[in-house]
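**Q** Here is a sequence with its predicted model. Questions after.
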Amino acid sequence: MTRRDPELYDYWPYLDRLKIIWPNDARVAFWVAPNIEFYEITPPRNPQRQPWPRPYPDTLNYSLRDYGNRVGHYRMMDAMDRCGVRGSVSLSVAMCQHHPELIRDGVDRNWEFFSHGIYNTRYSYGMTETQERAIIEDSIRTVEEATGQRIAGWLAPALTHTERTMDLLAEYGIRYTCDLFQDDQPQPVKVAKGRLISMPYSLEINDVIAYNSYLATPRAYGDMIRRQFDTLYAEGADSGTVMCIPLHAYLVGHAHRIGPFEEALRYITSHEQVWVTTAREIADYYFEHYYDVVLADIVNRNGVGLKDHP
Amino acid sequence: MTLPDDYLVYPKRRYGMDHDWYDWRGQPDLPPIAWPNGAAVAVWLCVVLEFFPLNPDGKPFRAPGSMVTPYPDLRHYTTRDYGNRVAVYRLLRLFSDLNINASFAVNSAVAERYPSLLHEIIAGGHEVIAHGIDMDRLHHEGLSCQEEGDLIYSALSVLESFTGARPQGWLSPARLESTRTPALLAARGIQYFCDFANDEMPYEFRTESGNLTAMPFSHELSDRQILIDNHHSEDEYVEQIVDSFDRLLQESQSAGRRVLSLPLTPYIVGLPYRIAAIRRVLTVLRERSKVWFTGADALHAAWMAHNPRNSR
């Protein structure tokens, strides 16, 4: 039986919300999410999604992805270094085996790592609960071994989900999901047990969408980033917002794109009331200061019982 | 619709790649390299000369640029033919004006149909790369080894009959390969191929018939990608290429030599209203310092002089 509504959160109008204030009076909590992904040339077949647009072996598209890890990653990382931005990495955790050099570079920079599945060519559609538990447990173990970090966040591999995903994440102590796009502020997610929040990520300011769906020029992408920030910075004076730039080095890391991106990044970080941080730090701060009061406000406005939110 | 248990088995989860074609090499680990005359950035222009039959089979798909409408699609046939009749001569004139050498990746059908064009290319001092038979003869997994080997042999032989030399380089039509293509190319004497888009510098590619060099050949900066697929303007095309060059030049100051490869399609960039854009690109780049305009043969030779192939 499918559902008409995912039943993961309640309606919470963007009007007269309680005031969220980020550390040091910041209005925007700003984070950058490099997706460090591995796409397999011959993944096993999932009947609900094809891995490559061309017939096997799709070496052109495979190589376009591989470019990100071989070349683009270093440009992206350098641009972030120059702007003083740490990454919160959405990681195909098999990268810990394939290219441990990239993981070590991130650890050396005090970047955060969260899970984006094992490979970006293994889709969750059709997984049993046992299988989905296995990829979560694998993610926790693999990232901990490679980085010493316990993963705090999740972005489903290739954004493929099941109805159980959120419940399982919370059960394993994962604190935020990047899979929900309903808000510019974090929000409690309804899960069977434990606590989970939605962390604003973005499918609009995401370089994949900007470059491959909107076909933006590099300068147009820079403008989109600046305008997104200007609005969230202004609104953040009323109640703190979150802005994320999700990146893929196979796109933003090209020589013709990195310059305008870096300019946009510098534009954001040069503002006064911006908290340049990681998703884990946003989640920690939110759980400590806002989870309970926001939940109470949502419940109060919707006239629903707290039983929906364990 | 459940998944089998082995959906979570990862046989290639190991250091490096999930295949044996090439080693993992991050950009900071590039081997040392020098270009002639102390140049910092090699600019490799590669004009692609394609023949699109009016009656394609379309196996396993129709290559970008193929016929679109019901037969006979005179509209697309002649639009593409314009590239080989008119637009390519605009590019040749431009290269001559600016004294620039380029590579031409040529379907053997173009050579056979338009031999005078081949003579102009050779006379202009440009290099020829093999580019298969035509744009409807794709190198895909459905071909037998014999069939694909014959395609390669035929394409190379036809070009050799015009140029007097066996081509050293290969570009697959539509950049489509079978798993056998690299080994078949190596077995027929090809030195380098241009189908992969994962690097900005050459690297060594293993095959069971000897190793090849994978040349860095841009996809994102091609005229087709920017002007046709992304719908960007001519000014935006110029801007992106110049930005790319300037970034590579800047990186070369601390991180070693760089390559800017530029695929050019006559029926796209050689149109009357677009030729000024590529002229502007080349004029701007030529005025930058430490630039080396080269064909792929010379670029490959410069690479090999510093990075001799591993023996197997």
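**A** Done, it's in.
**Q** can you pull out the helices in the chain?
**A** Unless you meant another one, I'm taking chain A. With DSSP state H as the criterion, chain A has helices at A:59-67, A:73-82, A:95-98, A:100-108, A:129-147, A:165-171, A:207-208, A:218-235, A:249-252, A:258-269, A:279-289, A:291-302.
**Q** looking at chain B here, not the other one
**A** Counting by DSSP H, chain B has helices at residues B:74-82, B:88-98, B:108-113, B:115-123, B:145-163, B:181-187, B:223, B:234-255, B:266-269, B:275-287, B:296-306.
**Q** Quick one, which of those helices gets closest to residue A:3.
**A** In terms of CB to CB, the element of those nearest to residue A:3 is helix B:234-255, at 44.1 Å. The way it works is simple: take the backbone N, C-alpha and C, and place the C-beta from them, glycine included.
**Q** Just the buried residues of that closest one, please?
**A** Going by neighbour count (16 or more other CB atoms under 10 Å in any protein chain shown), the buried part of helix B:234-255 is B:234, B:236-249, B:251-252.
**Q** Which other helices and strands does it contact?
**A** helix A:218-235, helix A:258-269, strand B:41-49, strand B:258-264, helix B:275-287 (3 or more CB pairs under 8 Å, 6 or more residues apart in numbering or on different chains; DSSP states H and E).
**Q** With just CA atoms, put the fourth one into PDB.
**A** So that's strand B:258-264. Output of strand B:258-264 as PDB, limited to C-alpha atoms (Å, rounded to 0.1, in the frame of the first residue of the first chain):
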ATOM      1  CA  ARG B 258      48.500  21.700 -18.600                       C
ATOM      2  CA  VAL B 259      46.400  20.800 -21.700                       C
ATOM      3  CA  LEU B 260      43.400  22.600 -23.000                       C
ATOM      4  CA  SER B 261      41.600  20.400 -25.600                       C
ATOM      5  CA  LEU B 262      38.900  21.800 -27.700                       C
ATOM      6  CA  PRO B 263      36.600  19.700 -29.900                       C
ATOM      7  CA  LEU B 264      35.300  21.800 -32.900                       C
END
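**Q** Listing request: residues of chain B with sub-threshold pLDDT.
**A** B:310-312 (pLDDT under 70).
**Q** The stretch 1-150 of chain A now?
**A** Short version for the stretch 1-150 of chain A, where the test is pLDDT under 70: none.
**Q** quick one: residue B:221 from residue B:90, how far?
**A** Distance, residue B:221 to residue B:90, using CB to CB, to the nearest Å: 20 Å.
**Q** can you check residue B:13 too?
**A** In terms of CB to CB, residue B:13 sits 51 Å off from residue B:90.
**Q** ditto for residue B:139
**A** Residue B:139 is 30 Å from residue B:90, by CB to CB.
**Q** same deal with residue A:51?
**A** 41 Å.
**Q** More neighbours: those two, which one.
**A** Neighbour count, other CB atoms under 10 Å in any protein chain shown: between residue A:51 and residue B:90, residue A:51 has more, with 22 against 19.
**Q** With adjacent residues omitted, what lies nearest to residue 269?
**A** In the absence of a named chain, this looks at chain A. Nearest non-adjacent residue to residue A:269, counting by CB to CB, 6 or more residues apart in numbering or on different chains: residue A:83, 5.0 Å away.
**Q** wrong one, I was asking about chain B
**A** Spatial nearest neighbour of residue B:269, chain neighbours left out: residue B:223 (4.2 Å); criterion: CB to CB, 6+ apart.
**Q** And that neighbour, how close does it get to residue B:299?
**A** Applying CB to CB to residue B:223 and residue B:299 gives a distance of 20 Å.
**Q** Repeat that for residue B:183.
**A** Distance from residue B:183 to residue B:299, by CB to CB: 23 Å.
**Q** Who has more neighbours out of those two?
**A** For residue B:183 versus residue B:299, the count of surrounding residues by other CB under 10 Å is larger for residue B:299: 26 against 18.
**Q** ok, now which ones touch the more buried one?
**A** For residue B:299, the contact set (CB atoms under 8 Å, 6 or more residues apart in numbering or on different chains) comprises B:42, B:44, B:202, B:215, B:259.
**Q** What's the local residue count around residue 38?
**A** Defaulting to chain A. Close neighbours of residue A:38, defined as other CB under 10 Å, add up to 27.
**Q** was after chain B, sorry
**A** Neighbours of residue B:38 (other CB under 10 Å): 10.
**Q** do the same with residue A:179
**A** 20.
**Q** One more: residue B:54?
**A** Using other CB under 10 Å, residue B:54 has 15 neighbouring residues.
**Q** Equivalent analysis for residue B:89, please.
**A** By other CB under 10 Å, neighbour count at residue B:89 equals 14.
**Q** how far away is it from chain A?
**A** From residue B:89 over to chain A the distance is 28 Å, taken as CB to the nearest CB, to the nearest Å.
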